[in-house]
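In: Next input, structure requested:
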Amino acid sequence: MRTLVVVDAANVVGSVPDGWWHDRRGAAERLRDRLVPYAEEGIAGHPGPVEVVLVVEGAARGVESIPGVRVESAPAGGDDRIVEVAAEAADRPCVVITADRELRRRVEESGAQCAGPRTVRP
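Out: Predicted coordinates:
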């Protein structure tokens, strides 16, 4: 059973002060593109292939999915959509990539594991 890796786009993009705030959509697209190799290779403790879902919100809504990375546009706050996606994966391993403490608490309640942004962003 493939591990589901859910990436909190806003949190991971915001973890590096590289000017992302000037083009939030572009920053989310660049992150999406960098996630593609993880779909085949996996992440630490979860060998590939894995299913990668990038959850975007706000100005990044509408970023398109590409082979290897499914993009979910949250209708409101991204955290709620991330919790929903993690809960839908209750029957298989799920790792949420975020540094947001409250979000980590919420997804761990549904059985998901958590890892920090450096897992997918050096």
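In: buried stuff in the longest helix along the chain?
Out: In the chain, assigned by DSSP state H, the helix with the most residues is helix 24-41. Buried residues in helix 24-41, counted by 16 or more other CB atoms under 10 Å: 24, 27-29, 31-32, 35, 38-39. The C-beta positions use only the backbone N, C-alpha and C, and glycine is treated the same way.
In: I'd say Glu51 and Thr3 touch.
Out: Yes. Contact criterion CB atoms under 8 Å: Glu51 and Thr3 qualify, at 7.2 Å.
In: Give me the more crowded residue out of the two.
Out: Thr3 (20 against 16; other CB atoms under 10 Å).
In: and stretch 8-26, average pLDDT?
Out: Rounded to a whole number, the mean pLDDT of stretch 8-26 is 93.
In: repeat for stretch 66-79
Out: Throughout stretch 66-79, pLDDT has a mean value of 95.
In: What are the contacting residues of it?
Out: For stretch 66-79, the external contacting residues (CB atoms under 8 Å, 6 or more residues apart in numbering) are 8-10, 32-33, 35-37, 39-40, 51-58, 60-65, 80-82, 85, 100, 102-103, 106.
In: Need the buried ones from those selected in PyMOL.
Out: The following PyMOL selection, which keeps only the buried ones among the contacts of stretch 66-79, applies the criterion 16+ other CB under 10 Å:
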select buried, resi 8+9+10+32+35+39+51+52+53+54+55+56+57+60+61+63+81+82+85+100+103+106
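In: Mind checking which of the contacts of stretch 66-79 are in strands?
Out: Within the contacts of stretch 66-79, residues falling in strands by DSSP state E are 8, 51-56.
In: just these now: which is nearest Ala115?
Out: Asp8 (10.7 Å; CB to CB).
In: which residues does the nearest residue to that closest one once chain neighbours are set aside contact?
Out: Taking CB to CB, 6 or more residues apart in numbering as the measure, Asp8 lies nearest to Thr98, with 3.8 Å between them; neighbours along the chain are not counted. Counting by CB under 8 Å, 6+ apart, Thr98 touches 7-8, 11-12, 82, 104, 114, 116-117.
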